[in-house]
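Student: return atomic coordinates for the entry below.
(2 chains)
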Amino acid sequence: DVKVTQSSRYLVKRTGEKVFLECVQDMDHENMFWYRQDPGLGLRLIYFSYDVKMKEKGDIPEGYSVSREKKERFSLILESASTNQTSMYLCASSYSGTGKYEQYFGPGTRLTVT
Amino acid sequence: DAKTTQPPSMDCAEGRAANLPCNHSTISGNEYVYWYRQIHSQGPQYIIHGLKNNETNEMASLIITEDRKSSTLILPHATLRDTAVYYCIVRLSPTLMDSNYQLIWGAGTKLIIKP
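Tutor: Residues are numbered from 1 along each chain as shown, chains lettered A, B, ... in the order given. Coordinates of the predicted model:
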């Protein structure tokens, strides 16, 4: 089974702190994604990556950056956390080329910025 | 904006078939219909997808109308563990070039299975 793990289930940070959210997948997937999920807004794509060192902006990249130095790991960085970044963050991965587009999600990190 | 419309919530008795509708009246010819679900406190889970033919797997069946403007996800024998939010999503054909294409998530249907 594909496994996508995220570094923390719950995280509390202060305004202005630099925050790192880590995501690791064990199925050699090319594509990795970061979403945030907020009540009433559904899942919104922040960034995605289709290869090592490659990244593409999603719908809401402002205030975030990403890093993909290794194929299995995709990091989301909040350079200076703000209270409006309090949210559930979900990482996902998918395989290219099977013709079946299935994203595998991690359990999520609930981030609170105070 | 999400290109699908789903009822916000539904109930179903345990052991019965749960039929979840989805309208996608603006779907284009090369767009697939995908279904995911999200159980409380977990990440979303892929269920099934289809283009125009009905599809079935170990989890569910997907019925797509002939005009492709709507579809129904069927959980044949719902259990309490099927209580979740179910998302219907349309997206372009998953080719090699756009397999990283983003999914547009709506609000989904909260399905409650009652004992």
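Student: tell me how far the nearest residue to residue A:89 once chain neighbours are set aside lies from chain B.
Tutor: Leaving aside its chain neighbours, residue A:89 sits nearest to residue A:109 (4.7 Å; criterion: C-beta to C-beta, 6 or more residues apart in numbering or on different chains). (C-beta placed from N, C-alpha, C; glycine too.) Separation of residue A:109 from chain B (C-beta to the nearest C-beta, to the nearest Å): 10 Å.
Student: wait, is residue A:92 part of a helix?
Tutor: No. Counting by DSSP: H, G, I helix; E, B strand; the rest coil, residue A:92 is not part of a helix but strand.
Student: name whatever forms a beta bridge with it.
Tutor: Going by DSSP bridges, residue A:92 is paired in beta bridges with residue A:33, residue A:105.
Student: how many residues are close by it?
Tutor: 26 (other C-beta atoms under 10 Å in any protein chain shown).
Student: try the one 4 residues further on
Tutor: Residue crowding around residue A:96 was assessed by other C-beta under 10 Å; the count is 18.
Student: let me know the secondary structure of it.
Tutor: With three-state DSSP as the criterion, residue A:96 reads coil.
Student: how close does it sit to chain B?
Tutor: On the measure of C-beta to the nearest C-beta, residue A:96 and chain B end up 4 Å apart.
Student: would you list the phi and psi of residue A:84?
Tutor: phi -80, psi 0 (degrees, to the nearest 10).
Student: give me the pLDDT for it.
Tutor: pLDDT recorded at residue A:84 is 97.
Student: name the residue closest to the centre of chain A, please.
Tutor: Nearest to the geometric centre of chain A sits residue A:34, at 2.7 Å (C-alpha atoms, centre = their mean).
Student: need the contact list for that one.
Tutor: Going by C-beta atoms under 8 Å, 6 or more residues apart in numbering or on different chains, residue A:34 touches A:21, A:23, A:45-48, A:58, A:64, A:66, A:74, A:76, A:89-91.
Student: what pLDDT, on average, does stretch A:51-69 get?
Tutor: On average, stretch A:51-69 scores 93.
Student: quick check, the residue in chain B closest to chain A?
Tutor: residue B:43 (2.9 Å; C-beta to the nearest C-beta).
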